[in-house]
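**Q** following is a predicted model, sequence given first.
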2 protein chains.
Amino acid sequence: MGIIRKTQSVALLLNEFHDQTTAVSVIELVKRFRAKINKTTIYRVLDKLEDDGVLHSFLGKDGNKWYAKCAGCSKSKHTDLHPHFECVVCGKIDCISVDIQLPEIPNREITSSQLLIQGKCETCHR
Amino acid sequence: MGIIRKTQSVALLLNEFHDQTTAVSVIELVKRFRAKINKTTIYRVLDKLEDDGVLHSFLGKDGNKWYAKCAGCSKSKHTDLHPHFECVVCGKIDCISVDIQLPEIPNREITSSQLLIQGKCETCHR
DNA sequence: TTATATTTGCAACTCAGTTGCATTAACATC
DNA sequence: GATGTTAATGCAACTGAGTTGCAAATATAA
Ligand SMILES: [Zn+2]
Ligand SMILES: [Zn+2]
Ligand SMILES: [Zn+2]
Ligand SMILES: [Zn+2]
């Protein structure tokens, strides 16, 4: 079930997602809003925003949860399927808006997938 | 640092990896060996076997750790890079030995990647 | 057999994420 | 603007996978 009331927590959290490509970890959000929003609320609001097709979530290399803005998703379905790039130097994760080529797997019906790529980002590259 | 002594724990655990394609979760191994091996030992032995290039690990959709046999890896490097297929019905995970096509990402240096695919396996398909 | 270093078990811990419940606040209606 | 309803929030306690420190056990070499 998604968001029904436009509360302060929702406004504050949404404001942290500036563009379509930069992901933010829940751990980071809990830290940032330590004084303003309870961590339970943060988890619940993010979960609802994902239900609404406003944000999408995925797990980083360490298994922690990250969120990023969706592009063109709705309550009914998340159409925004793309890989994520995690910088091994600075730790940030970006959405990479390219189509990924899934392999053919005989006798299996694919419903979803996640591709997480590690490496050095544009900033940490040189 | 890898395995140095061939202990009973190592033998028991290795014996759980029957073929090159079936992965086993650590949670499952801890359950199976509840009476015989301490969970700390299980985590440590698996970690060493990965260092040795005998097993490789990855995270399932829920972020829990899974291990599977390597094919042609060594202490010095894990060359066995492949996607994993997680059945949404029965929960098992298989190694899929196909080459994956990573997207071109400008200005970024890729060092590693993980592709996890969900769907219905051969058994749960129909 | 003895010495030595690795491995194991145990208990306690860490920490991301969850749950139940009482309180607060958004919002519709008057 | 005041009031009532119900979603949303805060809090504290919990869950469970994975980790740590240390003393006891065991594999291996001498
Ligand atoms: Zn970077
Ligand atoms: Zn994304
Ligand atoms: Zn299945
Ligand atoms: Zn594998």
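**A** Thanks, I have the structure now. Everything numeric in this text was worked out from a predicted model, so none of it was measured. Ligands and ions are numbered 1, 2, ... in the order given.

**Q** can you list the residues that contact the biggest helix by length in chain A?
**A** Taking residue count as the measure and DSSP state H as the definition, the longest helix of chain A comes out as helix A:39-51. Counting by Cβ atoms under 8 Å, 6 or more residues apart in numbering or on different chains, helix A:39-51 makes contact with A:1-3, A:7, A:9-10, A:13-14, A:26, A:29-30, A:33, A:55-57, A:67, A:75, all of which sit outside it. (Each C-beta comes from the backbone N, C-alpha and C, glycine too.)

**Q** would you mind listing the buried residues in whichever helix or strand comes after it?
**A** Taking DSSP states H and E as the definition, the helix or strand that follows helix A:39-51 towards the C-terminus is strand A:55-59. Of the residues in strand A:55-59, those buried under the neighbour-count criterion (16 or more other Cβ atoms under 10 Å in any protein chain shown) are A:55-56, A:58-59.

**Q** what's the closest of those to ligand 2?
**A** Nearest to ligand 2 out of the buried residues of strand A:55-59 is A:H56 (Cβ to the ion; 5.5 Å).

**Q** residues in a beta bridge with that closest one, which ones?
**A** Residues found in beta-bridge contact with A:H56 (criterion: DSSP bridges) are A:A68.

**Q** and it, how close does it get to A:Q20?
**A** When Cβ to Cβ, to the nearest Å is applied, the distance between A:H56 and A:Q20 equals 11 Å.

**Q** quick check: A:K92 vs A:E86, distance?
**A** Shown here: A:K92 relative to A:E86, a distance of 8 Å by Cβ to Cβ.

**Q** more crowded one of those two?
**A** Set side by side, A:K92 and A:E86 show more neighbours around A:E86, with 21 against 17, by other Cβ atoms under 10 Å in any protein chain shown.

**Q** where does A:D80 land on pLDDT?
**A** At A:D80 the predicted local distance difference test score is 66.

**Q** one step back: restrict the buried residues of strand A:55-59 to contacts with DNA strand C.
**A** Counting by Cβ under 7 Å from any atom of the strand, A:L59 from the buried residues of strand A:55-59 sit close to DNA strand C.

**Q** output the buried residues of strand A:55-59 in JSON lines; the columns should cover distance to B:L116 and pLDDT.
**A** Formatted as JSON lines, the buried residues of strand A:55-59 follow (distance: Cβ to Cβ, whole Å; pLDDT from 0 to 100):
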{"residue": "A:L55", "distance to B:L116": "20", "pLDDT": "96"}
{"residue": "A:H56", "distance to B:L116": "15", "pLDDT": "96"}
{"residue": "A:F58", "distance to B:L116": "10", "pLDDT": "97"}
{"residue": "A:L59", "distance to B:L116": "9", "pLDDT": "98"}
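
**Q** ok, the buried residues of strand A:55-59 vs DNA strand C, which is closest?
**A** Nearest to DNA strand C among the buried residues of strand A:55-59, counting by Cβ to the nearest atom of the strand, is A:L59 at 7.0 Å.

**Q** show me the contacts for that closest one.
**A** Taking Cβ under 8 Å, 6+ apart as the criterion, A:L59 is in contact with A:65-66, A:114, A:116, B:59, B:63.

**Q** in chain A, which spans are helices?
**A** Across chain A, reading from the start of the chain, the helices by DSSP H fall at A:8-14, A:26-32, A:39-51.

**Q** just the CA atoms of the longest one, as CSV, please.
**A** Right, helix A:39-51. Once non-C-alpha atoms are left out, helix A:39-51 reads as follows in CSV (Å, rounded to 0.1, in the frame of the first residue of the first chain):
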residue,chain,number,x,y,z
LYS,A,39,14.4,5.2,11.4
THR,A,40,11.2,3.1,11.4
THR,A,41,9.4,5.9,9.6
ILE,A,42,12.2,6.1,7.1
TYR,A,43,11.9,2.5,6.2
ARG,A,44,8.1,2.7,6.0
VAL,A,45,8.0,5.8,3.8
LEU,A,46,10.6,4.5,1.4
ASP,A,47,8.7,1.2,1.1
LYS,A,48,5.5,3.1,0.3
LEU,A,49,7.2,5.3,-2.3
GLU,A,50,8.5,2.2,-4.0
ASP,A,51,4.9,0.8,-4.0
